[in-house]
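Asker: pasting the sequence and the predicted model now:
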Amino acid sequence: MQQTKHYKSSVSARIIKIATLAVAMGMAMILIAVATGKGLQKDIKNKIAVFNGHLVVSPFENSESQISILPFLDTPELRSNIESETEVIHIQRVAIKAGLLKTDSSFEGVIFKGVDANYEWKNLNTFLVEGRFPNLGEKVSNEVVVSKFIAQRLSLEIGDDVSAYFQNSLDQKLPNIRKFKIVGFFLSGFPDFDQTFVLGDIKHVQRINKWKENQIGGYEIFLKDLDEVSKVGSTLYKKLPSDLDVIELTQQYATIFQWISLFDFNILIIITVMIIVGVINMSTALLVLILERSQMIGLLKTLGARNKLIQNIFLFNGIVIMSRGLLWGNLIGLLFYFGQHYGKWIRLDPETYYVNVAPVSLSILDFLVLNFGILSISSLLLWIPSMIISRLSPASVLRFR
């Protein structure tokens, strides 16, 4: 009993508690950084893809602008050529026109995105905050869905009519006027879309631009895997007619993708710093433990134990202590993950981060790799302080027994 009390009050016991706490906090911070970083990357990529597709096929003249300047023919052969790629899961026709929405008291510049009945409205389900999506068919539909941001700016409600003005050229004296009916509001948290986009029938753009029914501004192509964008984009570029360009999602929004790619570097910095802090604390604990047990080490050496065996004993103890810290760190990290995933208690400014709520994403593979990797690296680094055992002489440590 006295020995137990003596152990609990020893210097090494307090150092071990501090080291365990440092490892736990470090592991928790790593899990939180990875979960929030990957979650933010995934959410932003998905939002951009929902509104644009992973690839856009359009004439080269349209590549430099969001507006569909020139049309091209939508043919079954062209569609079949694109759909032959196994990664392609959906193609939808679009035509985009700049315009102006006007009410009795205000007006707002917008980008009218014309789509047809084949448009994947279900991709926007999570962004629909009120109303419904337009019903599109063979006849021209005047129904549109606008962002909540534009609706608030123009004081629009579901069911309201709003006038839209479009102009084809600078010398056009009178603009083309269309009257639309508001049937739904969306809110993506992405300012580039919420502040400008209106979605409606592609036939309006075709008629305003005096295009034929089979002339469109572009194809939006959705793939199974975002990581295959470059590969599929290069293949399609070679297969398609020479007057058509293939624009990757990462090219359209290069600045945003460069920004979110920095998250990987930030996560790497956090992991490195946390490993260094954890190893320093564990090394200190191990050194104190070795020095406190120096007489035992001397006795083991006297009995014929080799340095490597004694080192392994202390390393095993160090790994056990570190594993205890990792366990508590995992519990804290997973508590944060599930709390944020279901509770969504951390809010973000959408104008800065493009999302309203801090998203989290952590796969089982990520979790296992992080734990195994950190434990392996730390265990290897702990071998360095354990080498002091080879410098302890039995004669010097047993002299004061």
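Answerer: That came through fine.
Asker: C-alpha from now on. contacts and neighbour counts both.
Answerer: Noted.
Asker: where does pLDDT dip in this protein?
Answerer: Where the chain drops to pLDDT under 70, the residues are 1-12, 62-65, 169-172, 297, 389-401.
Asker: can you give me the strands for it?
Answerer: Taking DSSP state E as the criterion, the chain carries its strands at 55-59, 72-73, 88-102, 107-115, 128-131, 143-147, 161-166, 176-186, 197-201, 215-216, 218-223, 244-248.
Asker: export these to JSON lines and append columns for distance to Ser80 and mean neighbour count.
Answerer: Below are these laid out as JSON lines (distance: least, Cα to Cα, whole Å; neighbours: other Cα atoms under 10 Å):
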{"stretch": "strand 55-59", "distance to Ser80": "14", "mean neighbour count": "24"}
{"stretch": "strand 72-73", "distance to Ser80": "14", "mean neighbour count": "15"}
{"stretch": "strand 88-102", "distance to Ser80": "10", "mean neighbour count": "20"}
{"stretch": "strand 107-115", "distance to Ser80": "20", "mean neighbour count": "20"}
{"stretch": "strand 128-131", "distance to Ser80": "32", "mean neighbour count": "16"}
{"stretch": "strand 143-147", "distance to Ser80": "30", "mean neighbour count": "24"}
{"stretch": "strand 161-166", "distance to Ser80": "33", "mean neighbour count": "18"}
{"stretch": "strand 176-186", "distance to Ser80": "32", "mean neighbour count": "20"}
{"stretch": "strand 197-201", "distance to Ser80": "24", "mean neighbour count": "24"}
{"stretch": "strand 215-216", "distance to Ser80": "16", "mean neighbour count": "22"}
{"stretch": "strand 218-223", "distance to Ser80": "13", "mean neighbour count": "22"}
{"stretch": "strand 244-248", "distance to Ser80": "15", "mean neighbour count": "21"}
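Asker: Phe190 versus Val351, what's the distance?
Answerer: You called it Val, but residue 351 is Glu. Distance, Glu351 to Phe190, by Cα to Cα, to the nearest Å: 7 Å.
Asker: these two: which is more packed in?
Answerer: Of the pair Glu351 and Phe190, Phe190 is the one with more neighbours under other Cα atoms under 10 Å, namely 18 against 12.
Asker: quick check: longest helix of the protein.
Answerer: helix 11-52 (DSSP state H).
Asker: quick revisit: need the strands of the chain in TSV with distance to Leu326, can you?
Answerer: Below are the strands of the chain laid out as TSV (distance: least, Cα to Cα, whole Å):
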stretch	distance to Leu326
strand 55-59	42
strand 72-73	59
strand 88-102	42
strand 107-115	51
strand 128-131	41
strand 143-147	45
strand 161-166	59
strand 176-186	43
strand 197-201	47
strand 215-216	57
strand 218-223	38
strand 244-248	41
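Asker: out of those, nearest to Leu299?
Answerer: Shortest distance between Leu299 and the strands of the chain, using Cα to Cα, is found for strand 218-223: 67.2 Å.
Asker: just checking, what packs against the closest one?
Answerer: Contact here means 3 or more Cα pairs under 8 Å, 6 or more residues apart in numbering; DSSP states H and E; on that basis strand 218-223 packs against strand 55-59, strand 88-102.
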